[in-house]
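[1] Return atomic coordinates for the entry below.
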Amino acid sequence: MMRELKLHRVYRHFKGDYYLTEALAHDSETGEEVVIYRKLYGDGSLWTRPVKMFLSPVDREKYPDCPQADRFALQEIDSVAHKNQ
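    Numbering: from 1, shown residues only. Purely as a prediction, here's the structure:
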């Protein structure tokens with residue numbers, strides 16, 4: 001069963017960097033659904049990837065020692081300003 005993609009949320013790539021999902025779109029040639037996401041480091045550029053690939057598990061043959069199960073894992077980030085609410 002495929003996981004649900006959440007927009008405007010932070011995901012951690014299995015190699016360690018963080019990304020913000022911005023929107024869904026469709027590839028003009030194939031019609032495949034893609035996610036548009038922003039790097040939360042460096043130049044903050046936008047990237048696209050097929051949703052199916054974004055939500056896929058880590059390739060265990062290629063990365064057998066990776067502790068993260070999914071290619072991109074949703075992050076729960078608590079508010080610092082509203083800590084006691």
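[2] what number of residues lie near Val35?
    Number of residues near Val35 (other CB atoms under 10 Å) recorded here: 23. Every residue, glycine included, has its C-beta placed from N, CA and C.
[3] Kindly report the same for Arg38.
    Neighbour number of Arg38 under other CB under 10 Å is 16.
[4] Next: Glu32.
    Glu32 has 13 neighbours, counted by other CB under 10 Å.
[5] What of Val34?
    For Val34, using other CB under 10 Å, the count is 19.
[6] Test my guess that it contacts Met53.
    No - when contacts are counted by CB atoms under 8 Å, Val34 is not listed as touching Met53 (9.0 Å).
[7] buried residues in the lengthiest strand in the chain?
    Longest among the strand segments of the chain by residue count, using DSSP state E, is strand 18-26. Buried positions in strand 18-26, judged by neighbour count with 16 or more other CB atoms under 10 Å: 19-21.
[8] same deal with stretch 5-12?
    5, 10-12.
[9] Would you reformat those as JSON lines and include secondary structure, distance to Asp65 and pLDDT?
    JSON lines is the format used below for these (DSSP: H, G, I helix; E, B strand; the rest coil; distance: CB to CB, whole Å; pLDDT from 0 to 100):
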{"residue": "Leu5", "secondary structure": "coil", "distance to Asp65": "26", "pLDDT": "96"}
{"residue": "Val10", "secondary structure": "strand", "distance to Asp65": "24", "pLDDT": "98"}
{"residue": "Tyr11", "secondary structure": "strand", "distance to Asp65": "21", "pLDDT": "98"}
{"residue": "Arg12", "secondary structure": "strand", "distance to Asp65": "17", "pLDDT": "97"}
